[in-house]
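Visitor: sequence unknown, structure follows:
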């Protein structure tokens, strides 16, 4: 390749000059090629340690002038052929021109300009679009591809110098991190180390330091543990490795393969040695952190952030922090944790203006919103650029109507519509029946047709309670007043200042009238709802009347959702729950519906209208509890692993006991999936939900730790899991909310309290307070880090479970051992995954459906199967092997979807490896019959197939008629008998029995199919003398078959014609139809000519030509077996025995009788083909004798 001219001071160091002229030198790296010796080892070691480009390009061309001591590298090459091409171009195009120049500086300038021009032209042709990586990085990518044999589509993300510890010896080399692989290469004094690990095989990734290994990164797979150390920046390397492993886990979990973000803005300054992919991954990491911090929608992308201060009117201070700007939001986070968080949607912004700078407030910026709030930022760097970016985003923001304001809540306290329907008994005409809810008539939410479209179920079903007038009612009023004061000081709606004061109010419990509003705000669901108006109504309309597996499960669980609450003892609540769950199942088919979603959604509907409950469910399933509600509840298992880890850290005494009892895995799923709603009294659990929407999963974990801590003494004395579960269940049953104003809802106690003493009640607010006091130092960032670690473990554990399930499912019918099947499964899965990231399309990923059984999840197509077949098959046929692979694929693909699963794959392999001789011959025979044999492979195969299919069908129909005639009276008798069901059960059992296929059951083979079979046999034999002997034996037997067939035809042609003449007079004779001799003659002679042509094309001499002729004899006549035989020569019994003779005679020629062969091949050939076969046979005999 041409290089941008680089200065070289020492041209002779470690290089040998091979060719030279007055202006250029062609050099080879010392030690490269044959006989490198000690010099080659030393130079090779230096190249690896110093990451020299000579490792990839051991040839180079230097430009020189006579008087100058400076050389310029202008080209390099990985092979002599490549570098010679460049050298010849220079000699042909530049030497004559350069000799004209007088000044050496002009010569060098001209050469450099020419080389730059060539490089520019090449880049223009090769990369018309897209971002170009730095030159040094491209060189590293080239090294990676050459060293590890990676294809062009495998992209390098970054590379690092480090040491790999092999035993106790460090091997200095280079670590290459690609999208799908971790690769390492080292070469030290002849000792070469090459490692290639797929990210999908990584089970653990840790950064640790031990006495043996200094600060290092440990990479674990199922087979071994690898240690890498001596990084210049270990934190950056580890973070990137985490990201790439996480992408691989997403691929295993839900087929989310990596797609580079082409819309990434280019950096204002060129970045040295940082690839576009690395920038993309860095941007993704920042986006994820930004969205998680401020609970923003999944498609929000961070544009940039800058240090600044924010004026907070509630305490009259300038708080230092960072401003974040994205497409639709301006956010602020203080440096001091929980001092202040702020989210300003751009849809609410009315004015952005630069205020006058002063010594007190340098570079201030004022942002005003529709809700009459103004925010002052100061100490902004590059304020003008920031204002320009915000202006650009504001211009793209769609204008909103005033009614979309955050302050306008549909069911505010002052809304008189709230009191319209104080109570709805079950007999109310407004109650919606299930049939009406799923009818074809769309529900008009805007018109108030359904009460739950505008308000929560709690307001519709609130009964006049004395609690509202007593001390509890007064307490509730005080809470509302506290929140109103807070709104006055800190703002209300999305632009509210969120501080430690906000968290304190949430911990004390949110008033029932404000619960829905604040859940929407804290979860970020409000943002998605106002930016997608009408989305929920459209989903409801589209999902009406449609049924699938998800809707069936939803219907089954509807009446199990809080059945103790009056709102769900009524069709109004049930119908609302049905609509929300069904709408979400249609929005996200990947999740569809999962148990526990119904419990959470029913609580959301109590405090929110349907649309709000829907968007809260979206926030829960897709952002706050990721992967919780999929088919394998991966997210809940991940957080269960975190809970176990935290228990070991905070409650070490209890951790070991809980592990022995196996309690954590049982309790955590029910606690986490339903947010304690299924295990605590409703009034208490809803306070947990309040804090969860504000704090996230961190709060659920800390409350769980507090519950274990409160019961530690009792749990340490438990002897089994049941006793521990009873203790925890009794404790949770008695967590009470004494401040609740709602009428108490009877909790369905799973466990009854024992003994005469009344149970000890635990106040929910005391439990929350304790959890903050003891476990509040949990950090969201730490939890995300732990989530990554646990996700690797959980997903790999699930993959191992899947492998065991699949192997167990197929092992009973397959000849392979369990260990062999596991190895084959790994190879099969790796081939599938390779197609996902090297296939350049999403088709492979789309084939994997998580809802299918494990056996059906990984399926491969024909091209992938061919690769596996070629590498694994014991039947090597040279260039013919891919053809044989294609036929086996079509034979195994029973459902004709052009994909085969693992069971079908190992069934095919098992037949070749572990079948007895007869089984193997049967497989070989079937590979040359439809559907394995592609009709395109032979011109007339389709006609022959259709003929024999008709023949077989007729035969089967006659047999069926016979059976019906025999069984008819018996069936009638059985029908009148009271015990006839037993007869049908026996019939059904017989049909279910898998009948073992014998050779006689195989269908008959046509001439063209027989030709293909002999071609395959020809390709299977090698030049081994033992095999030559076997081949001659097979050819001799085949030629004998042909001659016997010829004799049979002579006797059969005349009776055939007679039978055709008499056909009109014997219509009642149930004989299969016969083809006319003319058509047969033309068909067989055509195939004979075709095969002779095929054989002439083979450039064979000596024994090879003898093989071909012998084979042609085999093909010429024996392949016509299977057509109907003349009645005049055979009795009925003989006819019956001959039905399956053709296939039997093919595979067991040693037991053939001449009469059988003659009778069975009467329709095979005609005179033309017979004479051709005869002439081939004679020539073969002559050559054999010679």
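Guide: Cool, the structure landed. Computed from a predicted structure; not experimentally measured. Residues are numbered from 1 along each chain as shown.
Visitor: Identify each buried residue in stretch 576-596, please.
Guide: For stretch 576-596, the neighbour count (16 or more other C-beta atoms under 10 Å) marks 576-588, 591-594, 596 as buried. In this view, the C-beta of every residue, glycine as well, is placed from N, C-alpha and C.
Visitor: How about stretch 523-532?
Guide: Neighbour-count burial for stretch 523-532 [16+ other C-beta under 10 Å]: 523, 524, 525, 526, 527, 528, 529, 530, 531.
Visitor: do the same with stretch 393-400
Guide: residue 393.
Visitor: mind listing which of the buried residues of stretch 576-596 are in helices?
Guide: Counted as lying in helices by DSSP state H, out of these, are 576, 577, 578, 579, 580, 581, 582, 583, 584, 585, 586, 587.
Visitor: one step back: which member of the buried residues of stretch 523-532 is positioned nearest residue 341?
Guide: residue 524 (12.1 Å; C-beta to C-beta).
Visitor: what's near enough to touch the closest one?
Guide: By C-beta atoms under 8 Å, 6 or more residues apart in numbering, the residues touching residue 524 are 294, 295, 296, 297, 619, 623.
Visitor: Over to the fourth one: give its phi and psi.
Guide: The phi/psi pair for residue 297 (degrees, to the nearest 10) reads phi -60, psi 160.
Visitor: Neighbours of it, how many?
Guide: Residue crowding around residue 297 was assessed by other C-beta atoms under 10 Å; the count is 18.
Visitor: Excluding chain neighbours, what is closest to it?
Guide: residue 528 (5.3 Å; C-beta to C-beta, 6 or more residues apart in numbering).
Visitor: Looks to me like the one you found is in a strand.
Guide: No. With DSSP: H, G, I helix; E, B strand; the rest coil as the criterion, residue 528 is located in helix rather than a strand.
Visitor: where's it relative to residue 622, distance?
Guide: 10 Å (C-beta to C-beta, to the nearest Å).
Visitor: List phi and psi for residue 333.
Guide: Backbone phi and psi, for residue 333 under degrees, to the nearest 10, turn out to be phi -130, psi 130.
Visitor: Isn't it up against residue 320?
Guide: No. Here residue 333 lies out of contact with residue 320, judged by C-beta atoms under 8 Å, at a distance of 10.6 Å.
Visitor: out of those two, which sits in the more crowded spot?
Guide: Comparing residue 333 with residue 320 by other C-beta under 10 Å, the one with more neighbours is residue 333, at 23 against 14.
Visitor: For that one, name its beta-bridge partners.
Guide: residue 322, residue 341 (DSSP bridges).
Visitor: from now on call the first residue 3
Guide: OK, 3 is where the count begins now, so the last one is residue 335.
Visitor: Report the mean confidence score over stretch 727-734.
Guide: Summarised as a single mean, pLDDT over stretch 727-734 is 91.
Visitor: what does that stretch contact?
Guide: Stretch 727-734 has contacts (C-beta under 8 Å, 6+ apart) with 665, 668-669, 678, 681-682, 709, 712-713, 716-717, 720, 752-753, 755, 761, 764.
Visitor: out of those, which are buried?
Guide: 665, 669, 678, 681, 682, 709, 712, 713, 717, 720, 764.
Visitor: Setting aside sequence neighbours, what's the nearest residue to residue 370?
Guide: Closest residue to residue 370 apart from its sequence neighbours, by C-beta to C-beta, 6+ apart: residue 353 at 4.2 Å.
Visitor: Three-state assignment for the one you found, please.
Guide: Under three-state DSSP, the three-state class of residue 353 is strand.
Visitor: and the gap between it and residue 315?
Guide: Look at residue 353 and residue 315: by C-beta to C-beta, they are 17 Å apart.
Visitor: Neighbour count: those two, which is higher?
Guide: residue 315 (14 against 9).
Visitor: And the more buried one, how far from residue 712?
Guide: Distance, residue 315 to residue 712, by C-beta to C-beta: 41 Å.
Visitor: Please apply the same query to residue 738.
Guide: 14 Å.
Visitor: least trustworthy helix or strand in the chain by mean pLDDT?
Guide: Lowest by mean pLDDT, DSSP states H and E among the helices and strands of the chain is helix 436-439, with a mean of 34.
Visitor: next structured bit after that one?
Guide: helix 459-462 (DSSP states H and E).
Visitor: How is the chain partitioned into domains?
Guide: 4-125, 137-278, 301-398, 514-626, 636-780, 821-948+1004-1039 (the TED database).
Visitor: And the residue lying closest to residue 200 once chain neighbours are set aside, its phi and psi?
Guide: Closest residue to residue 200 apart from its sequence neighbours, by C-beta to C-beta, 6+ apart: residue 183 at 5.8 Å. Main-chain dihedrals, residue 183, degrees, to the nearest 10: phi -140, psi 150.
Visitor: who are the neighbours in contact with residue 183?
Guide: Neighbours of residue 183 in contact, by C-beta under 8 Å, 6+ apart: 150, 152, 156, 198, 199, 200, 201.
Visitor: quick one, strands of the stretch 3-152 of the chain?
Guide: Using DSSP state E, counting those that start in this stretch, the strands found in the stretch 3-152 of the chain span residues 4-10, 17-22, 26-31, 61-65, 73-79.
Visitor: Compare these and give me the one nearest residue 380.
Guide: Closest approach to residue 380 among the strands of the stretch 3-152 of the chain (C-beta to C-beta): strand 4-10, 46.2 Å.
Visitor: in that closest one, what counts as buried?
Guide: 4, 5, 7, 10.
Visitor: out of these, which one sits closest to residue 654?
Guide: Nearest to residue 654 among the buried residues of strand 4-10, counting by C-beta to C-beta, is residue 5 at 60.6 Å.
Visitor: Enumerate every residue touching that closest one.
Guide: Counting by C-beta under 8 Å, 6+ apart, residue 5 has contacts 75, 76, 77, 78, 117, 121.
Visitor: top of those by neighbour count?
Guide: residue 77 (25 neighbours).
Visitor: My guess is that residue contacts residue 63. True?
Guide: Yes. Between residue 77 and residue 63 there is a contact under C-beta under 8 Å: 4.2 Å.
Visitor: shared neighbours of those two, anything?
Guide: Counting by C-beta under 8 Å, 6+ apart, the residues touching both residue 77 and residue 63 are 85, 88.
Visitor: out of the contacts of residue 5, which one sits closest to residue 917?
Guide: residue 78 (54.6 Å).
Visitor: Check the gap between that closest one and residue 279 for me.
Guide: With C-beta to C-beta as the criterion, residue 78 and residue 279 are 24 Å apart.
Visitor: ok, now residue 818?
Guide: From residue 818 to residue 279 the distance is 40 Å (C-beta to C-beta).
Visitor: Please identify which of those two sits among more neighbours.
Guide: residue 279 (22 against 18).
Visitor: these two touch, right, residue 367 and residue 358?
Guide: No. Residue 367 lies out of contact with residue 358 (C-beta under 8 Å); the separation is 11.4 Å.
Visitor: More neighbours: which of these two?
Guide: Neighbour totals were compared for residue 367 and residue 358, and residue 367 leads with 22 against 6 (other C-beta under 10 Å).
Visitor: Next up, the contacts around the more buried one.
Guide: 354, 355, 356, 357, 378, 379, 380, 382, 385, 388, 389.
Visitor: How about it: which residues does it bridge to?
Guide: Beta bridges link residue 367 to residue 356, residue 379 when assigned by DSSP bridges.
Visitor: roughly how far apart are the residue positioned nearest the centre of the chain and residue 859?
Guide: Among the residues of the chain, the one closest to the centroid is residue 257, at 1.9 Å (C-alpha atoms, centre = their mean). Here residue 257 is placed at a distance of 10 Å from residue 859 (C-beta to C-beta).
Visitor: In space, what's closest to residue 705 - neighbours in sequence excluded?
Guide: residue 773 (4.9 Å).
Visitor: Would you mind identifying the next helix or strand past the strand or helix carrying the one you found?
Guide: Assigned by DSSP H and E, residue 773 belongs to helix 766-777. Using DSSP H and E, the helix or strand that follows helix 766-777 in sequence is helix 782-813.
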